[in-house]
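>>> Pasting a predicted model and its sequence here:
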Amino acid sequence: MTAEPRPTDVNEAAHLPEPFVRWFAAKGWAPRAHQLDLLARTEAGKSTLLIAPTGAGKTLAGFLPSLTELAMRGRRKPGEPRRGVHTLYISPLKALAVDIERNLGKPVEEMGLPIAIETRTGDTPAHKRQRQKLAPPDILLTTPEQLALLIAGGDAKRFFEDLSVVIFDELHSLVTSKRGHLLSLGLARLRSLQPNLRAIGLSATVAEPDELRRWLVGQNPPFLVATPTPNHESQSHAPMAGLVTVAGGAKPDISILDSEQRVPWAGHSARYAIPEIYDQIRRHRTTLLFVNTRSQAELLFQELWRVNEDSLPIALHHGSLDVGQRRRVEKAMADNALRAIVATSTLDLGIDWGDVDLVVHVGAPKGASRLAQRIGRANHRMDEPSKAILIPANRFEVLECRAALDANYLGAQDTPPLLAGSLDVLAQHVLGTACAAPFDADQLYEEVTSAAPYAGLDRTTFDRVVDFVATGGYALKSYERYARIRKTKEGLWRVTHPRVAQQYRLNIGTIVEMPELNVRYVRSGRVAGYGGRVLGKVEEYFAETLRPGDNFLFAGKVLRFEGIRENECVVSSGGSSAQIIVPSYAGGKFPLSTYLADQVRGMLADPERWQALPEQVADWLRLQKEKSMLPKRGDLLVETFPRNDRYFMVCYPFEGRLAHQTLGMLLTRRLERVGARPLGFVATDYSLAVWALDDMGALFSAGKPSLGQLFDEDMLGDDLEEWLNDSWMLKRMFRNCAVISGLIEKKFPGQEKTGRQVTVSADLIYDVLRSHEPDHVLLQATRADASAGLLDVGRLADMLSRIRGRIVHRKLEQISPLAVPVMLEIGRESVNGGANESLLMEASDLIAEAMGEAGEAPARNGPVVTLHGTAPKAGHAERKRVGTADYGRRSVRSK
Amino acid sequence: MTAVHRANAIAAAGLVGLAGECAVCDPRGVLYFPDFGLLAVSDLHLEKGSAIARRGALIPPYDTVATLSRLAEAVSDYQPRTVVSLGDSFHDGWGAERLPLPFRQRLEALMTGRDWFWVTGNHDPDAPADLPGETVRELAFGSLILRHEPSDTYVEGEVAGHLHPCARIVQRGRSVRRRCFAGDGSRMIMPAFGAYTGSLNVLDRAYRGLFRQETLMAYMLGADRVFAMPGSMLRPG
């Protein structure tokens, strides 16, 4: 909310009503050019995207058109009809909405403007929400979920009757997810209600601004007809909002820590650099330390306190911590009471926190844009350079940091491309629309396809989604009588029962959390008691792997696991046990961006650029060149070598861990078929290692198969399909789609007890649906999600096509320097796949082993087995299945 | 052919003793007693999908056909003289009425040529509408007693369902949960067979007092075999 001091320009200020001119003058400020530009465009009835770096007065710019309009409108006189909301502001974070209320309230108060500003989030009490519907504020600050709720209300039309401007903050981060899909449909709805609505998008710099410009405005002709003056931009291409760009501020001062210590080959802890990081904290006022995962945050926090001789106030902030705890940290930070904060992406977005003068990024940033965002945190003023230090945790990360750093200087951007709108989100929106008022399918189709993510949606798919909402959309038409929406005689789709709307409201939104347990802190040995503080949440599957007495790291403490009680994970103060477990969190890992991957490959191929690297890393590359080779930028290097009775193949696609895991799974299937007897694989962000009983190098040299055949793109056909269908990942995605689409209900805290009896688990539904109606629209949505998200199939496909004919094979006698990092991951990381079956087998084999002969074993444990002595080998009854399910087990034995 | 088939099926499955009788714990979740030619299956919960759809969640209507197909496989493998459905065969009292015609025909085909008993359960206390087979509260075979709910007092040779047992182990830091047969040599509780049936950990307090802890075994259902786990390996939750 700051504007820099500048001599007042009378002409520019001419747009502004009197109170604003006086206010700027009193502050000794002048409105900035982009603020006035945006004001003029909005006054002219246009939608606009404003791209500006942090600290450029973006928020004030976004609100200025609304503030001036509202200032001119004046106070409502007694007897005048009620006024609706004039401006809707939507932010990705509740905290951001609250922050804006504070910051915007100040100038409004100082200017004495008759403008009411209020927030409406999940935390807003019911009576206030009720009151807001009766007496709406002029400006409503809210979140995408609340917008969805508002437009699904029976009074939506009336509530939005005066809506004039909608502002989307941090648009770049909103649009890349399903939340963005839902929001785009909400915007389309608002446009239908108010055809003259102006949309303003506020965004950090992005790779493809045009995508966001299209997102802001209606995409199909019927909505254009309503605009009498076609602008030039829309004639040849899809319609786009106008664009106002503010040039970047001072160039950030970024360096990579050139450590005195030895940079490790592998791992993510950056433990080697702790003393140097601590030294930096000591030398700055406030340091923000960013890490990529919550577990890294816990570790770093722990390590820093270990060396914190001066007892500097260092705090921890991540999304699993209790909300109260997070708010306290945020407040302390705003008050400048902290010297350092260890944080994950929960602090990523544009919240203005205190006086940060150094950003430390531990681990590789995984994307140049993300790095720029995070560095923007320091100082938060456009004209002073931000200061940042990158701490690579291992040698490959040194390369990655260097590449990111070059990219940041070049202003390169690598925000992810926008994806086509998800069908599960559409289903939610269709039901929401019906909850507000009966809808006409033709009109709704027009409206939906006016939203940029759904512009390419065909009518057949749309109709299938409507059918899904109505009766489940099954080929077996047995649910007609249970329909949630039904077509009336007039041809409108209407909700069949008020209960449907109630259920809808409870299940709104697109954020589906993994089942989580509260972590409750009690005195040692008090599992049965009640009370104790809640420290935050851990994911259920992590808690399930703990035994009472296990120590784990959470909320900056070593905790002792006492047990699970209902939906709580009960812990007490931990001992100094040698083994401490750090919870891992699903979805905490970002893949290496395509852009950065290309940069790293470029750096490997070009010895000139090694000069910018620390000496020990440059040495490592030189050694690689000597012992094996370094591939050209577009090539794929495949090394094969024997080691400890096993044969290894290591390749270096640099496409990120997800894509590599998918590749690993597919390659091992293929190697299995050609008889190479693969045993396992492990993937990192940079490379993939596969090991086998047979000499793969010899097989490749003999062309049985050739590497070209092995890496052929056709692996993405049947092999992928077959593996995918059994994959736990697909089940997890299905669960998300099923919840978002309204097929099954969200789990609420406290429901768990009865949950198992009443509901049907998503996994069971998936199995049944897949075998009986594999083309169902929800499975279609699930597969689309999986290909794009967890499996990175698109990226793998691009890679396979890029390397066609460009695979270089090096048959080595021993491990190469470049292969060391991935080889060190073996055994550290378990192979994902259908390994559950093999775990069961292993467990029952272990019993058999421990007890002596397989047949006798269980008999000693209980007379249940072997009464008749026919074929009693309970631990070992059958020949085990050979297939991928075995890899997980064997991989570890091969160590 | 069928004799060989049956022998194979018996060998492939875990063979257990129960109160002096011999039984096969089939990985699909059915229990076969070769000496009696008796196949027991529990908690089919047919038409659970439509029961839930009535309340507004339109989950796929294929659970009945999925359940029946699996049951048909087992019946065709063992060719039992007698089939006992151990209660909660339908998810609610109107399940049999809702049964779509093709599914009903399929079920009737399965019943043809063998004795079929519907044991009543808490979800289906009455005989299923318009279906053949005999509806009973409990049955005895040799030293076995087959009923839906396990009794509170100790009964040698009781085979029951109702509780939907599952077991959980942790191996290599990963948790694996499966439906299971739970038994201590004297009593056996069968897993729920229905495609949409959930499960309850065999260490839950609902099972308290049912088994002798020192001889408790869980036969966890794998993809094509059962895995026998002693009680000491099992984890709650």
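Yes, it's here.
>>> Please count neighbours and contacts with C-alpha atoms only from this point.
Will do.
>>> just for the stretch 201-350 of chain A, where's the confidence low?
Scanning the stretch 201-350 of chain A for pLDDT under 70 picks out A:221-237, A:248-251, A:345-350.
>>> OK, now which residue of it is nearest to chain B?
Using CA to the nearest CA, the closest approach of the stretch 201-350 of chain A to chain B is made by A:S295 at 16.5 Å.
>>> Same check on the stretch 51-200 of chain A?
Taking CA to the nearest CA, the stretch 51-200 of chain A has A:A152 as its residue nearest chain B, at 18.2 Å.
>>> surely that residue meets A:C435?
Yes: the pair A:A152 / A:C435 is scored as a contact, 5.5 Å apart, by CA atoms under 8 Å.
>>> Now do the contacts for the residue of the stretch 51-200 of chain A closest to chain B.
Listed by CA atoms under 8 Å, 6 or more residues apart in numbering or on different chains, the contact partners of A:A152 are A:G432, A:T433, A:A434, A:C435, A:A436.
>>> Would you format those residues as a markdown table with pLDDT, distance to A:L710 and neighbour count included?
Below are the contacts of A:A152 laid out as a markdown table (pLDDT from 0 to 100; distance: CA to CA, whole Å; neighbours: other CA atoms under 10 Å in any protein chain shown):
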| residue | pLDDT | distance to A:L710 | neighbour count |
| --- | --- | --- | --- |
| A:G432 | 96 | 48 | 24 |
| A:T433 | 96 | 50 | 23 |
| A:A434 | 97 | 51 | 24 |
| A:C435 | 95 | 53 | 27 |
| A:A436 | 95 | 55 | 20 |
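>>> excluding its backbone neighbours, what's nearest the residue nearest in space to the middle of chain B?
Nearest to the mean C-alpha position of chain B, by CA atoms, centre = their mean, lies B:S42 at 3.1 Å. Nearest non-adjacent residue to B:S42, counting by CA to CA, 6 or more residues apart in numbering or on different chains: B:L86, 4.5 Å away.
>>> For B:D77, see how far away the one you found is.
According to CA to CA, to the nearest Å, B:L86 and B:D77 sit 20 Å apart.
>>> Ok, A:L257 next?
The value you get for A:L257 to B:D77, if CA to CA is used, is 68 Å.
>>> Looking at B:L86 and B:D77, which one has more neighbours?
Shown here are B:L86 and B:D77; by other CA atoms under 10 Å in any protein chain shown, B:L86 has more neighbours (30 against 18).
>>> In this structure that one contacts B:L163, no?
No: B:L86 is beyond contact range of B:L163, at 11.7 Å (criterion: CA under 8 Å).
>>> Run through chain B and note the low-pLDDT ranges.
B:1-14, B:172-173.
>>> all helices for it, in order.
B:2-12, B:48-54, B:63-78, B:95-98, B:101-111 (DSSP state H).
>>> which residues sit against the shortest one?
This means helix B:95-98. Residues contacting helix B:95-98 (CA under 8 Å, 6+ apart): B:L46, B:E47, B:K48, B:S50, B:A51, B:F90, B:P128, B:A129, B:D130, B:L131.
>>> And the host helix or strand of A:L559, what does it pack against?
A:L559 is located in strand A:557-565, with elements delineated by DSSP states H and E. When contacts are defined as 3 or more CA pairs under 8 Å, 6 or more residues apart in numbering or on different chains; DSSP states H and E, strand A:557-565 sits against strand A:551-554, strand A:568-573.
>>> Can you give me the domain boundaries for chain A?
A:10-245, A:253-410, A:516-581, A:836-893 (automatic domain parsing).
>>> now those in CSV, with distance to A:W610?
Below are the domains of chain A laid out as CSV (distance: least, CA to CA, whole Å):
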stretch, distance to A:W610
domain A:10-245, 27
domain A:253-410, 9
domain A:516-581, 37
domain A:836-893, 35
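>>> Figure out which of those domains is closest to B:A167.
B:A167 lies closest to domain A:836-893 among the domains of chain A, at 11.3 Å (CA to CA).
>>> Now the closest one: average pLDDT?
For domain A:836-893, mean pLDDT is 38.
>>> For A:S259, see how far away A:A273 is.
From A:A273 to A:S259 the distance is 7 Å (CA to CA).
>>> Those two: which is more packed in?
A:A273 (20 against 14).
>>> re earlier: show me the one of the domains of chain A that comes nearest A:E626.
That would be, of the domains of chain A and by CA to CA, domain A:253-410, which comes in at 17.9 Å.
>>> residues near residue 26, how many?
Using chain A here. 10.
>>> my bad, chain B
B:D26 has 23 nearby residues by other CA under 10 Å.
>>> Same check on B:E73?
Around B:E73 there are 12 residues (other CA under 10 Å).
>>> Determine if any part of the lengthiest strand in chain B is in contact with chain A.
Looking across chain B with DSSP state E, the single longest strand is strand B:174-183. Yes: using CA under 8 Å from any CA of the partner chain, we find that strand B:174-183 touches chain A at B:R174, B:S175, B:V176, B:G183.
>>> One more: stretch B:184-199?
Yes: counting by CA under 8 Å from any CA, chain A has neighbours in stretch B:184-199: B:D184, B:G185, B:S186, B:A195, B:Y196, B:T197, B:G198, B:S199.
>>> That's all I had, so thanks and see you.
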